[in-house]
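[1] show me how the following folds:
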Amino acid sequence: MIFEAQRTVKLPRLSGNRPSHPKDDWLLSPEPFRTGIYGTEHPHELVMDNGLIRRTWRLFPNAATVAFDNLMTSETIIRGVKPEALIRLNGIDYEIGGLKGQAEYGYLRREWVDALTATPDAFQCTGYETGPIKERFPYRRVSETEAAVWPPPGMALKLHFAPPERAKELKGLVLSVHYEMYDGLPLLAKWISLRNGSERAWRIDSFTSEMLAVVEWESPVETPDRWDYPNIDVESDYAFQGMTRKKANRTTCWLPDPDYTSQVNYDCHTPLLLVSKPPLGPGVTLPPGEAFDTFRTFELVHDSTDRERKGLAQKRMYRVLAPWVEDNPIFMHLMSDRPDEVRAAIDQCAEVGFEMVILSFGSGFDMENDDPAYIKRMKELADYAHRKGIRIGGYSLLASRTIGAEDDVVNPNGAYYVHAPCLGSRWGREYLQKMRTFLERTGFDALEHDGSYAGDICGSTEHPGHIGREDSQWMQWRAITDYYKWCRGSGVYLNVPDWYFLNGSNKTGMGYREVNWALPRERQLILARQNIFDGTWEKTPGMGWMFVPLMPYHGGGAEAVLEPLSEHLDDYASHLANHFASGVQAIYRGRRLFDTEETKRVVRQWVDFYKTYRPILDSDMIHVRRPDGRDYDCILHVNPRLAHRGLAVVHNPLDEPLRTTLRLPLYYTGLTDAASIREREGTPVFYELDRTFHAEVPVTVAGKSMTWLVIEKPEG
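    Alright, predicted model coming up:
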């Protein structure tokens, strides 16, 4: 629905009966929490609400957020009114919306809002538009393990703004601020769009797409060396240069608020002004008749400070916003591109139940080779793989290489990878086109893209893909994300060692250190379980890869590698158990998966185990006890929607048998009073849960071994 006049909100009234404290836990039962857009008793007020969070705008005399509430805790998130956004056009700063006149920024009383006034020099709200959420980009679902819902369910709101009356030169510009609120979780998205309906070009020097005066998380008198930020996770899809959210987050800033002069901190340095903006630029020129969209900022509101619960909320966000992360194929990295060896590897994968072959680094594979004969040979291999039910892909290195002075990043401070080509150079543009053409012509359906664009700034003024330094980061990000979005719409699986999930990538590193795979095998096993335990606080099992060195990797000698496989079968089996029982797929890098019938049987056994329990193993993970080599370690997969409500995996790293009583936290299985628990395929045993939803389960695990427990709802 589109409403041009902003003075009166023409929407259903928000019911006063909606509870402040939700009766259901959204992590267990998200269904009741549906987004609605409402009016209130005030004629100029508009509300987005999903029963978990609520954001309220006053639309007259200008649009501004006047309340943002955490309904799960009955707490207010903001303490003051700020502009909805900021933008700099041709060197001049403009506020977008906002209301002025709030004298006290420590809190905001409802009755104060009526006295606030509009700023004449700000963009003025002219109306609003509501509707369902639209897809961010095309998404082709290729696996049954991926969620079928796209776009995410929820509601969208668009506030329209016109330039200020006195800025006649801006006539013809139409600016909109977009919001999305999602069903079933406390999540909001926001971004800006600008359409140039004038007869001149405009330079978008910079923008701030979100600015919230957030309630402080702590109030020390003296300025500490390290601040704790408010309990809300904010990130955007403008992310790069990291395999973790924290490192890749380039846009979220927690700043002091100069308007808040009554804060306890004597220096007024408390970080309580939430700002989302690019680190540079964008510095792009918007020609007449064209439109520009900023990146999207996502705001996840927490209802707890518990690390496990916050991690579950973050992972739920990614399952909703990037459902392709649930595609978790079993794959091999093949160290050859010779057709006979590729076919042999495909045959082995098909025999033991692997699902994908990636022609690895060092294999001789070259995705930049556009020779027709090479393309034909690769297409024949892809056709062969697909006849066997196997997906096939290849490795390509983008950064961490040098092309030449004309095409490399020009940056006096150096590139992130020491050397890197610029994606805006002639070579960079041709490279991305070659990647796309290769996939289209061969039918390859996976890409391992090493050294993806890491945010390098380029000062060249000669590259065709950007004008200069100010727009170089934005234009390179646009180039790589446009390519990844095309891959997602084409069903191409993406392994990318960077945080591009919100733009279409499937998987990144779980957190391993590459040189560790040159360590002795026993050390690899415990370190791998530590990496998995630590990496799954913020990643689902399908979002991260691990590694198994079938052949030498970073050196290490005979005590590090598994070849010959049959001679190190116990260690090979332990690697398989580590990864399949955690749901975290590893890169099995070598020339074969098995060398004897016994080796083949062991591989098949663990693949079958994973496929038997795949839904629960791909579900969320509860961290019970971290591996330390001194005692048992344990992880617990949980999903209240499955028949297998949970699956606990217990490892014994010691030489002797280990007898212990596990205290399993079963709250997130959805079980409340009792559980039926069996070891492996044994007889189920009935366990009552205590008042904290724990079950105490005795287990015995043989030395240097593991076992698993299956948790179900008791019959009757």
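[2] and stretch 553-571, end to end?
    Criterion CA to CA, to the nearest Å; first-to-last residue distance in stretch 553-571 is 16 Å.
[3] ok now it, how far from the chain's centre?
    Distance, stretch centre to chain centre, for stretch 553-571: 34 Å (CA atoms, centre = their mean, to the nearest Å).
[4] list the buried residues of that stretch.
    Going by neighbour count (16 or more other CB atoms under 10 Å), the buried part of stretch 553-571 is 553, 556, 560-563, 565-566, 568-569, 571. (Each C-beta comes from the backbone N, C-alpha and C, glycine too.)
[5] how many neighbours does the closest residue to residue 141 other than its chain neighbours have?
    Leaving aside its chain neighbours, residue 141 sits nearest to residue 148 (6.6 Å; criterion: CB to CB, 6 or more residues apart in numbering). Neighbours of residue 148 under the rule other CB atoms under 10 Å: 7.
[6] name the SS class of residue 148, please.
    Three-state call for residue 148 (DSSP: H, G, I helix; E, B strand; the rest coil): coil.
[7] would you map the helices across the stretch 151-300 of the chain?
    245-248 (DSSP state H, counting those that start in this stretch).
[8] ok so, going back, thought the residue nearest to residue 141 was touching residue 142?
    No: counting by CB atoms under 8 Å, residue 142 is not a contact partner of residue 148; they are 11.9 Å apart.
[9] and stretch 282-292, which residues are buried?
    282-284, 286, 292.
[10] can you give me the buried ones in stretch 622-640?
    Residues of stretch 622-640 classed as buried: 622-625, 627, 632-640 (neighbour count, 16+ other CB under 10 Å).
[11] kindly apply the preceding question to stretch 218-238 instead.
    If you call a residue buried by 16+ other CB under 10 Å, then stretch 218-238 has these buried ones: 227, 229-238.
[12] circling back: what does the pLDDT read for the residue nearest to residue 141?
    Listed pLDDT for residue 148 reads 80.
[13] so who does residue 331 touch?
    Counting by CB atoms under 8 Å, 6 or more residues apart in numbering, residue 331 makes contact with 354-358, 391, 446, 585, 587-588.
[14] what's the closest of those residues to residue 497?
    When the contacts of residue 331 are ranked by distance to residue 497 (CB to CB), residue 587 comes first, at 11.5 Å.
[15] against which helices or strands is the helix or strand where the closest one lies packed?
    Under DSSP states H and E, the secondary-structure element containing residue 587 is strand 586-590. If you count contacts as 3 or more CB pairs under 8 Å, 6 or more residues apart in numbering; DSSP states H and E, strand 586-590 packs onto strand 331-334, strand 544-549, helix 569-582.
[16] let's see 6 Å
    Judged by 3 or more CB pairs under 6 Å, 6 or more residues apart in numbering; DSSP states H and E, the packing partners of strand 586-590 are strand 331-334, strand 544-549.
[17] the first one: how far from the chain's middle?
    Centre-to-centre, strand 331-334 and its host chain are 24 Å apart (CA atoms, centre = their mean).
[18] and the nearest residue to residue 381 once chain neighbours are set aside, what element?
    Using CB to CB, 6+ apart and skipping the chain neighbours, the partner closest in space to residue 381 is residue 342 (5.2 Å). Using DSSP H and E, residue 342 sits within helix 339-352.
[19] that older thread, in CSV, list the buried residues of stretch 553-571 along with secondary structure and distance to residue 461.
    Compiled in CSV, those are given as follows (DSSP: H, G, I helix; E, B strand; the rest coil; distance: CB to CB, whole Å):
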residue, secondary structure, distance to residue 461
553, coil, 42
556, coil, 46
560, coil, 48
561, coil, 49
562, coil, 51
563, coil, 51
565, helix, 55
566, helix, 60
568, helix, 56
569, helix, 60
571, helix, 55
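[20] got TSV for the residues you listed, with pLDDT too?
    Compiled in TSV, the buried residues of stretch 553-571 are given as follows (pLDDT from 0 to 100):
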residue	pLDDT
553	89
556	81
560	93
561	92
562	96
563	96
565	98
566	98
568	97
569	98
571	97
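[21] how about those residues in CSV, adding distance to residue 469?
    Shown next, in CSV, are the buried residues of stretch 553-571 (distance: CB to CB, whole Å):
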residue, distance to residue 469
553, 38
556, 43
560, 44
561, 46
562, 48
563, 49
565, 52
566, 57
568, 52
569, 56
571, 51
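[22] from the chain's centroid, how far away is the helix holding residue 342?
    How far helix 339-352 lies from its chain's middle: 33 Å, per CA atoms, centre = their mean.
[23] just stretch 571-579 next, same as before
    Distance of stretch 571-579 from the chain centroid (CA atoms, centre = their mean) equals 27 Å.
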